[in-house]
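Q: build the 3D model from these lines:
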Amino acid sequence: MNLAPFAAPFAERFGISGRCMEGSRIQVRRRHEPLFSTNEEKGYRDMKKFLFAVFMVLLCNSAFAFMPTPGLWYNPAESGRGFTIDHQNNVMVVASYVYDTSGKPLWYLSAGAYNDATNTFTATFDRAADTGQCLGCPYTGKPAVNVGAGGTIRIVFDTAERGTIYYPGGSSPIQHYLYAYDASNDPKTNFYGKWVLSFNSSFGLSFSDWVIFNTTYTATDGKVYLAGYVDGDSSRPALATYDPALKYIVSVYQSASLNDLYNFTSFDGNRATGSAYIQSGGTLGSAYAGAGFRLLTGHQVQTGVTGLSITATSADVDKFEQLAASLRNVTQ
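A: Coordinates of the predicted model:
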């Protein structure tokens, strides 16, 4: 396939000259037709947005195997009991904070293999003997363990963030507890911090954007975005927003006509997964599997405790407006 038609945008993104690619022939996957066009009638925008959201969910589910997010899990409708889930390799450990039939609090520890093929954990509710170590007391030794005291535990995970726990006498939907991130008021603020955003192209090349989000930017249309810059190059800004249907969307400046655009449909506090695109002139190219990993928290970045600047990012309004337009092109 002759790459001449793609030489400019891809050479620019790869950091090589277009002339080097002229006449080159390489086997690559054919680019998708653009998903969005600035000339579309406004009446089609809602349907376009819905179809895009469905496509993202299907792509994300097919592109990523997953391990459940370590941390606190609970049922929001059943506050008062919960579970701590952790795993290393294919071994999962679950601590359950529950009550007996008389209302007395008790806890169980469950450990066993996690089945990657079925996303299922099965073990027993094990309980320590009533006599054991108290805080501040001399060590009395390891307490006896009553294996299977509470019966069988089984958890079937639908995603990295949600699942259903089965126990003797019933079941309950559970989800990962995000206790320090905003799930409703202004979710885009969850992306404050330092992130590594990455994706693999069909050319066999991987790309990453190390981005620091530490402030906001108000576009000329009045919309407020989370704003930041590429670590080590404040002349390359980045914007992020949140859409109820599409979830987290990030655009990172590469050049006057090129952005990296990420659409993360899954977020667990420190990881995000979804899709990524090379956006040229406002048009999205092929969809690739994208992921993001938090390196520093928003608190660390915003308070400056890590030595990062917390002043406003690049004053180049044209670059910010280019990114804002790229995000509007997706969300409207």
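Q: pull the distance from the helix or strand that contains Trp195 to the chain's centre.
A: With the criterion set as DSSP states H and E, the secondary-structure element containing Trp195 is strand 193-200. For strand 193-200, the distance between its averaged C-alpha position and the chain's averaged C-alpha position is 10 Å (CA atoms, centre = their mean, to the nearest Å).
Q: for the protein, which segments are assigned as helices?
A: Counting by DSSP state H, one finds helices in the chain at the ranges 7-14, 45-63, 298-303, 317-331.
Q: check which helices and strands the shortest one sits against.
A: For helix 298-303, the helices and strands in contact under the criterion 3 or more CB pairs under 8 Å, 6 or more residues apart in numbering; DSSP states H and E are strand 193-200, strand 206-218. All C-beta spots, glycine's among them, are computed from the backbone N, C-alpha and C.
Q: TSV for the ones you listed, including mean neighbour count?
A: Supplementary listing: those in TSV, determined by neighbours: other CB atoms under 10 Å:
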stretch	mean neighbour count
strand 193-200	20
strand 206-218	19
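Q: who wins for proximity to Thr241 among these?
A: Between Thr241 and the helices and strands packed on helix 298-303, the shortest separation by CB to CB is 10.4 Å, and it involves strand 206-218.
Q: strands paired with the closest one, and their directions?
A: strand 193-200 (antiparallel), strand 224-230 (antiparallel) (DSSP bridges).
Q: output those in CSV, with mean pLDDT appended to each entry.
A: Converted to CSV, those look like this (pLDDT from 0 to 100):
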stretch, mean pLDDT
strand 193-200, 94
strand 224-230, 92
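Q: quick one: which of those is nearest Tyr108?
A: Put simply, out of these the one that sits nearest Tyr108 is strand 193-200, at 34.7 Å, with distance taken as CB to CB.
Q: quick one: residues contacting the residue most central in space within the chain.
A: Residue closest to the mean C-alpha point of the chain, counted by CA atoms, centre = their mean, is Ala272 at 1.3 Å. The neighbourhood of Ala272, defined by CB atoms under 8 Å, 6 or more residues apart in numbering, consists of Tyr248, Tyr262, Phe264, Ser266, Ala291, Gly292, Phe293.
Q: between these, which has the most around it?
A: If you count neighbours using other CB atoms under 10 Å, the busiest of the contacts of Ala272 is Tyr262, which has 28 neighbours.
Q: near the residue nearest to it when sequence neighbours are not counted, how many other residues are there?
A: Take Tyr262 and drop its neighbours on the chain: the residue closest to it by CB to CB, 6 or more residues apart in numbering is Val250, 4.4 Å away. Other residues near Val250 come to 31 when the count uses other CB under 10 Å.
Q: and for the one 5 residues further on?
A: The criterion is other CB under 10 Å. On that basis, Ser255 has 13 neighbouring residues.
Q: please name the bridge partners of it.
A: Leu258.
Q: give me phi/psi at Gly151?
A: phi 90, psi -160 (degrees, to the nearest 10).
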